[in-house]
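>>> I need the structure of the sequence given here:
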Amino acid sequence: MKTALITGAARGIGAATAKALAAKGTRVAVVGLEPERLAELADELGPGHLWHLVDVTEPESLRAAVDATVSEFGRLDVVVANAGIVNYGTVRTTEPADFARTIDVNVNGVFNTVRAALPWIIAGKGHVLTVASLASFTPAPGMAAYAASKAGVDAMTCSLRNEVAHLGVTVGSAHFGWINTDMVRDADSELPSFARLRSRLPWPANSTTDVAECARAVVRGIERRSRRVYVPGSVAVAYWARSLVTSHVADLVTRRLMGSFIDDYEAETARLGRAVGNHAHKAHHS
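Residues are numbered from 1 along each chain as shown. Here you go, the predicted model:
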C-alpha cells in the first residue's frame, strides 16, 4: 500500500488532497500547525492514517514527523510540500520581518520537508511534489514576497529533479491559479482593491477553482509522476507564455488594468495595521 506525507494539511488544498489520496487507498500522514483540525481530518480519513504537529521552518520537527510516519507505515512513497503562507503588500510597505517569514515558510519550509523525506523517498523510488504557483512565472503587483518565494520553489524543484533522477525518484511541481480557500476568501474580504484587480486580470488569472477539483488534479499528477501540475489546466498557457507575461508590453497592459490599484491597496493594508495573509501555514491560493 502506498503512503504519503502532506504538509499544510489542516485545511484547504492539503486537506482535500489527503482525502483524495486516502480515497484511492493511500495511507496518509497529515502535518501542520493546527492540531484540532489535523486530528479531525485523520479521524475522517479513517483507521491507518496519522497526524503530526509540525512547523516546516524547523527541520527537527519535520525529521521527527517523517521518522514517526515511516515507523508506523514502514515506508514513504510520496511527499507533498504544500505548507505555505501569502503576504499581500507592496515592496514599499511590507515589513522586512513579514517578507522574511514568507520566504522562510514557503522556500525553507519546502526545502526542509523534502530534505527530511528524501532518504525514504529514495529508498522506495518515490515521488516528490512541491507546491509552487501561477505566481512562479506571473508575478503580480502587490505580491512580491509571495511571487519571489514561489519562483524560488519552482527553481529549487527543477534542480532537485535532475539531482535525484538517477536514483529512481521523480519530482514535480504544482502551479495553482486562484483556488477557493480561506486564504483567497480572506484577501477578497479584507482587500477590496485586490478583489477588483483580480476580476480585471486576463484569463486564466481571473478564474477561481474549487478546492476538490484542485485536489483531484494533484492526485492525478502524483499518480502519473508528472513534472508539472497546472490547476486549472489553462495555467499551462501562462507558463509557456512566461516571457511575454513579464515583457515590456505586458507591463504596459498591467499598468492600464491597475488604474489606482496601488494607492488603494497600500491605503487598505495601512488601515488594517498588520500583514495580510501572513499567518499560520494554510493552503495555497495561487
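>>> Any buried residues in the longest helix seen in the chain, and which?
When the chain is parsed with DSSP state H, its longest helix is helix 144-164. Buried residues in helix 144-164, counted by 16 or more other Cβ atoms under 10 Å: 144-154, 156-157, 160-161, 164. Backbone N, C-alpha and C define where each C-beta goes, glycine included.
>>> now, which of the residues you listed sits nearest residue 138?
Distance to residue 138 across the buried residues of helix 144-164 (Cβ to Cβ) is lowest for residue 147, with 8.1 Å.
>>> about what we covered before: who touches the helix or strand just after the longest helix of the chain?
Per DSSP states H and E, the first helix or strand lying C-terminal to helix 144-164 is strand 170-176. Residues from elsewhere that reach strand 170-176, judged by Cβ atoms under 8 Å, 6 or more residues apart in numbering: 13, 126-134, 136-137, 153-154, 157-158, 160-161, 164-165, 209, 214, 218, 221-222, 225-231, 235, 239, 284-286.
>>> Check stretch 49-57 too.
Residues contacting stretch 49-57 (Cβ under 8 Å, 6+ apart): 7-9, 18, 22, 27-33, 35, 38-39, 41-42, 61-62, 64-65, 68-69, 72-73, 81, 83, 104-105, 108-110, 112-113, 281.
>>> Now, those residues that are in helices?
Secondary structure from DSSP H places 18, 22, 35, 38-39, 41-42, 61-62, 64-65, 68-69, 72-73, 109-110, 112-113 of the contacts of stretch 49-57 in helices.
>>> For the residues you listed, which ChimeraX command selects only the ones that are buried?
Buried members of the ones in helices among the contacts of stretch 49-57, identified by 16+ other Cβ under 10 Å, are gathered into one ChimeraX selection as follows:
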select :18,22,38,41,42,61,62,65,69,73,109,110,112,113
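>>> rewinding a little: buried subset of the contacts of strand 170-176?
For these, a neighbour count by 16+ other Cβ under 10 Å gives the buried set as 13, 126-134, 136-137, 153-154, 157, 160-161, 164, 209, 214, 218, 221-222, 226, 229-231, 235, 239, 284-286.
>>> Now stretch 134-150 - C-alpha only, CSV.
Extracted in CSV, the C-alpha atoms of stretch 134-150 (Å, rounded to 0.1, in the frame of the first residue of the first chain):
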residue,chain,number,x,y,z
LEU,A,134,1.0,30.5,-11.1
ALA,A,135,2.9,33.3,-9.4
SER,A,136,6.1,31.4,-10.0
PHE,A,137,6.1,32.8,-13.5
THR,A,138,3.5,35.6,-13.5
PRO,A,139,4.4,37.9,-10.6
ALA,A,140,1.6,40.2,-9.8
PRO,A,141,1.9,43.7,-8.3
GLY,A,142,1.2,43.7,-4.6
MET,A,143,2.5,40.1,-4.1
ALA,A,144,6.3,40.5,-4.4
ALA,A,145,7.1,38.3,-1.3
TYR,A,146,4.8,35.5,-2.4
ALA,A,147,5.9,35.6,-6.1
ALA,A,148,9.6,35.6,-5.0
SER,A,149,9.0,32.6,-2.8
LYS,A,150,7.2,30.6,-5.4
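>>> For it, give the mean pLDDT please.
For stretch 134-150, mean pLDDT rounds to 93.
>>> what distance separates that stretch from the centre of its chain?
Distance of stretch 134-150 from its chain centroid, counting by Cα atoms, centre = their mean, to the nearest Å, is 12 Å.
>>> The longest helix of the chain to strand 170-176, inter-axis angle?
When axes from the mean of the first three to the mean of the last three Cα atoms, to 10 degrees is applied, the directions of helix 144-164 and strand 170-176 differ by 160 degrees.
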